[in-house]
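got a sequence here, can you build the structure:
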Amino acid sequence: MEIPPKSPDGSEKSPHSRELITSNTGSTLCMSSRSESVWTSASRSKWDIYHKPVIVVSVGAAIFLFGMVITSLSCFLPKSKNVYKMCGPAFLSLGLMLLVCGLVWIPIIRKKQKQRQKSQFLQSLKSFFFNR
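As a prediction, the model looks like this:
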């Protein structure tokens, strides 16, 4: 059984535990958070908010159309018919999957924006009443 080392000043607490007691954990938690904080209320443009789902929708639509072209080539070109029949539906399904994911992503972002606005409103009300 090991005995924990004593600190240089002779107290029972280790330097590490003293550090934990005196540290300001509230400010470090806010600074280390990856998500957007309620405290930052910088206005963002529509493109900043919706650029990822718009890109996913447009890439999905392009892949879907490419799959339609390849699938229709299997009807018109007798050469390499098996290759077109295998690749066409694969591109169709991949494009459709990306298209649907992007289209579902947009209402989710809208709902989060509404929740964020409500949260900021409640924070401003709270600060108005409690900071008097």
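
so which elements touch the helix or strand where Lys112 lies?
Assessed by DSSP states H and E, Lys112 sits inside helix 81-130. Using 3 or more CB pairs under 8 Å, 6 or more residues apart in numbering; DSSP states H and E, the elements in contact with helix 81-130 are helix 46-76. Any C-beta I mention is one placed from the backbone N, CA and C, and that applies to glycine too.

which neighbouring elements make contact with the helix it packs on?
helix 81-130.

next, count neighbours for Lys81.
Close neighbours of Lys81, defined as other CB atoms under 10 Å, add up to 13.

quick one: end-to-end distance for stretch 67-85.
Stretch 67-85 has an end-to-end distance of 10 Å (CA to CA, to the nearest Å).

mind checking the pLDDT average for that stretch?
The average pLDDT within stretch 67-85 is 85.

buried ones in it?
Applying a neighbour-count criterion of 16 or more other CB atoms under 10 Å, one finds 67, 70-71, 73-74, 84 buried in stretch 67-85.

need those residues in a markdown table (columns: distance to Phe128).
As requested, the buried residues of stretch 67-85 are exported to a markdown table (distance: CB to CB, whole Å):
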| residue | distance to Phe128 |
| --- | --- |
| Gly67 | 56 |
| Ile70 | 61 |
| Thr71 | 61 |
| Leu73 | 65 |
| Ser74 | 67 |
| Tyr84 | 66 |
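
identify, from these, the entry nearest to Gly102.
Set against Gly102, the nearest of the buried residues of stretch 67-85 by CB to CB is Gly67 (16.2 Å).

can you verify my assumption that the closest one contacts Leu94?
Yes: with contacts counted by CB atoms under 8 Å, Gly67 reaches Leu94, the gap being 7.4 Å.

can you list contacts of stretch 125-132?
Residues outside stretch 125-132 that contact it (CB atoms under 8 Å, 6 or more residues apart in numbering): none.

many thanks, have a good one.
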